[in-house]
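Kindly generate the corresponding structure for this input.
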Amino acid sequence: MSHVRRTLSLLRGARDGVLGGVLGGVLGGVLGGCDASGLVLLSRSTDVFENLALEDWIDANVDLQRRGVLLLWRNRPAVVIGRHQNPWAECNLAAMRRAGVPLARRRSGGGTVYHDLGNLNMTFFASKKAYDRQRNLSVVTGALRRARPGLDVHATERLDVLLNGRLKISGSASRLSRKSSYHHCTLLHSADHSALAAMLRPSCPGIHSNATPSIPSPVANLLDHAPSLQWDELLDALVQQYNAEFGYDAAVAPVDPADELAFPGVWQAAAELRGWDWTFGKTPKFSVQTELHLTDAVSTASCTARVHMEVKGGVVQSCVLDVPAHWLPPSLAAALGDALVGDRFCSQRAAAALAALLRTENGELRGRLLNLGDALDSIIS
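Next comes the predicted model:
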């Protein structure tokens, strides 16, 4: 029995409850005891949280000291930020909510990316000693040349893959553990350019932070330059090149990261990745300093206010609303700022604070408070 067929048999056994919680050790034994084969896994899921959780499961449970693993996966539309990034500075959260596009924070560093079914994700797992991102990217560029010899592709020192010397078709990020590592990269095959452009823009102006910023680059789809390159052909070329580069003979083994029997604990890991505390609460501390342009709908009077917020762990630590006294009594502006302190930096919480304050006001002041609330809502997504 081949090593890949043996692995699939073990996976089926785990789903029957035979191996369950020890599958990690079994897979480790397959990899550790095999002299001729790595492992190539193809995720059946298109859920970003399940796939990110599967990455961490493999990293934690498979013995990567002697053999590597390549995981291939795609997601339904989603925006994925790096471990040390600020979502309000990286993506248009309001547009994402309207489109039903989730936000995920991965455990690796790097910049923000837009995922959809036109984007292929590849995760290279290895021991920490064998960690070599340039070698992994040579698999990607070699596979593309194998599939379409005329494509001009090369990896850069920044670990991007460029087409025709300037168009980015792949970006990278990685995570190093005590003994293991994984390096994942994207590959734009036929992603939705318009959605990518709409989602990857800041939600909030005036953010000051030490969070890792993304570096914008012109991007392209492979299909724009190789119109006949289909998914099956691309996947086959990647597997062949991976085997050739590392001396393996692996075939593709489909896996389901939603299978708790096969991957014990993966549900809990996915739930943590979905949670607000991880996605937003892990944002490095930041401040917001920006102007708000206010207009009274009745009198058409207008003015410029200023806001200064300090945010830590996604929670407002302080909020100063500097509104001209002739437009709104300082006590009302201060009351709204105070109401935001100690709560999450999000428009729903700001709306709740405003609603409580509006119960005490009417007439012109009520209208102006509403206008101030709308202006705050435009910067707190």
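
When you work out contacts or count neighbours from here on, use the C-alpha atoms and nothing else.
Fine.

and A104, that's in a helix?
No. Using DSSP: H, G, I helix; E, B strand; the rest coil, the assignment for A104 is strand, not a helix.

Next up, the contacts around S170.
When the contact criterion is Cα atoms under 8 Å, 6 or more residues apart in numbering, the partners of S170 are 160-162, 185-188.

gap between it and L196?
14 Å (Cα to Cα, to the nearest Å).

Kindly report the same for R145.
For R145, the distance to L196 equals 26 Å [Cα to Cα].

hey, where'd the helices end up in the stretch 101-250 of the chain?
133-147, 193-199, 222-225, 231-246 (DSSP state H, counting those that start in this stretch).

To T300, which of those helices lies closest?
Taking Cα to Cα, helix 193-199 is the member of the helices of the stretch 101-250 of the chain nearest to T300, at 32.0 Å.

Test my guess that V288 contacts I207.
Yes. Between V288 and I207 there is a contact at 4.6 Å, judged by Cα atoms under 8 Å.

which neighbours do these two share?
With contacts defined as Cα under 8 Å, 6+ apart, no residue is shared by V288 and I207.

ok, G38 touching D249?
Yes. Using Cα under 8 Å, G38 is in contact with D249, at 7.0 Å.

any residues in contact with both of the two?
Shared contacts of G38 and D249 (Cα under 8 Å, 6+ apart): N243.

neighbour count winner among these two?
Taking neighbours as other Cα atoms under 10 Å, G38 and D249 compare with G38 leading, 25 against 18.

and the gap between that one and S127?
According to Cα to Cα, G38 stands 13 Å off from S127.

and for these two, which residues touch both?
Shared contacts of G38 and S127, defined by Cα under 8 Å, 6+ apart, comprise 67-68.

in the protein, which ranges drop under the pLDDT threshold?
Applying pLDDT under 70 to the chain picks out residues 1-37.

can you list the domains in it?
What automatic domain parsing lists as the domains of the chain is 3-277, 286-377.

Deepest-packed of these, please.
Among the domains of the chain, the stretch with the highest mean neighbour count (mean count of other Cα atoms under 10 Å) is domain 3-277, at a mean of 19.

how far is that domain from where the chain is centred?
11 Å (Cα atoms, centre = their mean, to the nearest Å).

before we move on, what about stretch 309-324?
Relative to the centre of its chain, stretch 309-324 is centred 26 Å away, using Cα atoms, centre = their mean.

Could you tell me the end-to-end distance of that stretch?
End-to-end distance for stretch 309-324: 18 Å, by Cα to Cα.

now stretch 291-308
End-to-end distance for stretch 291-308, by Cα to Cα: 9 Å.

Residues contacting that stretch, please?
287-290, 318-324, 327, 367-368, 371-372, 375-376.

Dig out what the spatially most central residue of the chain forms beta bridges with.
Geometric centre of the chain, nearest residue: V80, 1.4 Å, by Cα atoms, centre = their mean. Residues in a beta bridge with V80, per DSSP bridges, are A104, V113.

wait, what's in contact with it?
Applying Cα under 8 Å, 6+ apart to V80 gives the contacts 103-106, 112-115.

Swap in 10 Å and give it another go.
V80 makes contact with 48-49, 52, 87, 90-91, 102-106, 111-115, 279 under the criterion Cα atoms under 10 Å, 6 or more residues apart in numbering.

One more: K282?
83-86, 105, 276, 312-314.

Next, format these as a markdown table and append secondary structure and distance to L261.
A markdown table is the format used below for the contacts of K282 (DSSP: H, G, I helix; E, B strand; the rest coil; distance: Cα to Cα, whole Å):
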| residue | secondary structure | distance to L261 |
| --- | --- | --- |
| R83 | coil | 28 |
| H84 | coil | 32 |
| Q85 | coil | 33 |
| N86 | coil | 35 |
| R105 | strand | 25 |
| W276 | helix | 27 |
| K312 | strand | 38 |
| G313 | coil | 34 |
| G314 | coil | 35 |
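
now for those, which pair is the farthest apart?
So, the contacts of K282 by Cα to Cα: farthest apart are R105 and K312, at 16.7 Å.

can you give me the strands for the stretch 51-200 of the chain?
Taking DSSP state E, counting those that start in this stretch, the strands of the stretch 51-200 of the chain run over residues 69-73, 78-81, 103-105, 113-115, 119-127, 153-155, 161-163, 167-170, 172-176, 180-188.

what's the first one packed up against?
The one in question is strand 69-73. Judged by 3 or more Cα pairs under 10 Å, 6 or more residues apart in numbering; DSSP states H and E, strand 69-73 is in contact with strand 39-43, helix 48-61, strand 119-127, strand 180-188, helix 231-246, strand 252-255.

Just checking: what are the partner strands of that strand?
strand 39-43 (parallel), strand 119-127 (antiparallel).

of all those, which lies closest to R201?
When the strands paired with strand 69-73 are compared by Cα to Cα, strand 119-127 sits nearest R201, at 19.1 Å.

L235 against L120, yeah?
Yes. Shown here, L235 and L120 form a contact pair, counting by Cα atoms under 10 Å, at 9.2 Å.

which residues are common contacts for the two?
Taking Cα under 10 Å, 6+ apart as the contact rule, L235 and L120 both touch L72.

coming back round to it: let's have the strands paired with strand 69-73 in TSV, adding distance to A301.
Formatted as TSV, the strands paired with strand 69-73 follow (distance: least, Cα to Cα, whole Å):
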stretch	distance to A301
strand 39-43	58
strand 119-127	49
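
in a helix, that's where A352 is, yeah?
Yes. Counting by three-state DSSP, A352 is part of a helix.
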